[in-house]
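>>> Pasting the sequence and the predicted model now:
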Amino acid sequence: MASAAVETMLGSRRSFAVAAAGCGKTELLGQLVADQRSGRQLVLTHTHAGVAAIKKRLADMRVPHDKFHLDTIAGWCLRYGAAYPAISGYRPGAEADPDWTATYPGAEKVCRTALGRKVIGESYNGVLIDEYQDCSLKQHALVSALADCIPCRGVGDPLQTIFGFRDDPVVPWVTIKSDFEVVSDALTEPWRWRREGRNAELGEWLVAARQQLEATGRLVIAKDAPITWVPHNAAVEAPDAWATTCRNVNSPATDTVVAILKWPSKCKYLAERMGGRWPVVERFDDPDLLRLGVKLVDADGPTVVESLVEFVAERMTAMGPALKTAVDAIKAGRGVLRITKHRDHADRLSTLANAPTPANALAWLDGVLAHRDNWWLYRRECVFQLREALRHCTGETFAELPDMVAAARTRARHRGRLTHPRTIGTPLLVKGLEFDHAVLLWEPDRFSVQGLYVALTRASRSLTIVSNSRTLTPEGT
């Protein structure tokens, strides 16, 4: 499907392919990496969801691991710059608590030195950048430095630009067009939806929806559209209405389903309404975990107990109220001897209060995670990173915990996104992931044009949209 684009891109030292969602972008990346002429490629993308998708495709294509190094742009820059701190200017401990404003310029400095060019040239035969439309100006400057060393090729789509920061905006498309040889018409067929068991009619509708968004800045859902449109019930509290729609998705337990909302806080509300059975897709670098690690270093036993229970309770249903009596008793110095309900957990908390060690914290956390009943962990990423960090602590105090948290976070980046058959996320965090079914929750917070297009294209079999009207007018239009 992408062979013509492969030939065009390999024939240029700086080439760029425009690809709509589901039209073969990841396949193109795989073919470029697998091609015998490519040598060893540095493959960079923006999100860990993107890393997971590319890793799976390369594995499906049986591309040898020595043909590529796959990472996020941020992660690669952080490690590359940290290897040469005298050149990059990275401060000690940068990997544990990155200063992202300095990460890309620091890595660029290394790339522009004779040493940096030598290391890059001897390590890779080319660099492939996924989702280039989301590159910031600082990232683009880094890529320009890489392109001076090795061939550079990118893929992307202007309708999927959902990154960008106030102090470092995305690179303008006019700049991309001037710096690359652009291949604009090689990837236009909705291959994802034409595979066996998928919804080809939905794929064709999404092609038309894209054209409509590009032409008018809005989307009108016709009555014969091959999607399910559900009128938003304003008389019902939003999270309850969202939960009802999600539960009504008619799909086998083996199918994957995602509910998409604009804000992470709203994802949390929905997960709570779903009883924790639909986990939230979360960022890898949640600052709450690092703050917890630092707090526990000098904390006394009761403070350790209170802080750990509070941290996990914000991510798990029912556990916090269930253990409140035990926590209050420990804080008051009364002990837990008179507590009968959830006594096993209370005893472990008491042990932790009397001997605040990583081993005792891990014993309590493992017990909580093994508890079934109605305790459901719906914000998983940070809790699993905490467990990983505690497992790697070797001392009797929490002095190592901040460093172990940073190491666990790095391992998580390499591991890729944890998946679940039913999940909830924002367009930003589910971008690059594919699901069988998607529920787009449009009210009351409307997406941007780009966020809407990303949300529309996550499902391969069925799409449900909940809105007040069949006309979706994105934010800012």
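Perfect, I can see it now.
>>> so where do the strands sit in the stretch 201-350 of the chain?
Remark: strands assigned in the stretch 201-350 of the chain by DSSP state E, counting those that start in this stretch are 219-220, 228-231, 257-260.
>>> Any idea which of those strands gets closest to residue 267?
Nearest of the strands of the stretch 201-350 of the chain to residue 267, taken as CB to CB: strand 257-260 at 8.0 Å. Yep, even glycine has a C-beta here, placed from its N, CA and C like the rest.
>>> Quick one: residues in contact with the closest one.
The contact list for strand 257-260 (CB atoms under 8 Å, 6 or more residues apart in numbering) reads 242, 246, 249, 251, 267, 270, 278, 281, 421-427, 430, 433, 435-441, 455, 458-459.
>>> Name every strand pairing with that strand and say which way it goes.
strand 422-425 (parallel), strand 435-441 (parallel) (DSSP bridges).
>>> Keeping just the C-alphas, turn that strand into PDB.
This file holds the C-alpha atoms of strand 257-260, laid out as PDB (Å, rounded to 0.1, in the frame of the first residue of the first chain):
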ATOM      1  CA  VAL A 257     -13.800   0.200  23.800                       C
ATOM      2  CA  VAL A 258     -12.600   3.700  24.500                       C
ATOM      3  CA  ALA A 259     -14.600   6.700  25.900                       C
ATOM      4  CA  ILE A 260     -13.100  10.000  24.800                       C
END
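>>> So for that strand, mean pLDDT?
Mean pLDDT, computed over strand 257-260, is 97.
>>> Same question for residue 466, what's its three-state structure.
What DSSP: H, G, I helix; E, B strand; the rest coil gives for residue 466 is strand.
>>> For residue 394, find the nearest of the strands paired with strand 257-260.
strand 422-425 (34.5 Å).
>>> which residues are contacting the closest one?
So strand 422-425 is in contact with 246, 256-261, 267, 270-271, 274, 277-281, 430, 433, 435, going by CB under 8 Å, 6+ apart.
>>> Which helix or strand contains residue 54?
helix 48-60 (DSSP states H and E).
>>> and what of residue 369?
helix 358-370.
>>> show me what contacts residue 90?
Applying CB under 8 Å, 6+ apart, the residues near residue 90 are 81, 82, 102, 103, 106.
>>> My guess is the second one contacts residue 91. True?
No - at 9.9 Å, residue 82 and residue 91 do not qualify as touching, with contact defined as CB atoms under 8 Å.
>>> Between these two, which is the more surrounded one?
residue 82 (20 against 13; other CB atoms under 10 Å).
>>> quick one: that one from residue 291, how far?
Distance of residue 82 to residue 291, computed by CB to CB, to the nearest Å: 22 Å.
>>> what does residue 266 give?
23 Å.
>>> Please apply the same query to residue 146.
For residue 146, the distance to residue 291 - CB to CB - is 34 Å.
>>> Could you check which of the two has the larger neighbour count?
It is residue 146, of residue 146 and residue 291, that has more neighbours when counted by other CB under 10 Å, with 23 against 14.
>>> which strands and helices sit next to the helix or strand where the more buried one lies?
Assigned by DSSP H and E, residue 146 belongs to helix 137-147. Using 3 or more CB pairs under 8 Å, 6 or more residues apart in numbering; DSSP states H and E, the elements in contact with helix 137-147 are helix 73-82, helix 100-111, strand 126-129, strand 152-156, helix 173-179.
>>> Show the average pLDDT along the shortest one.
Right, the one you point to is strand 126-129. The pLDDT scores in strand 126-129 average 96.
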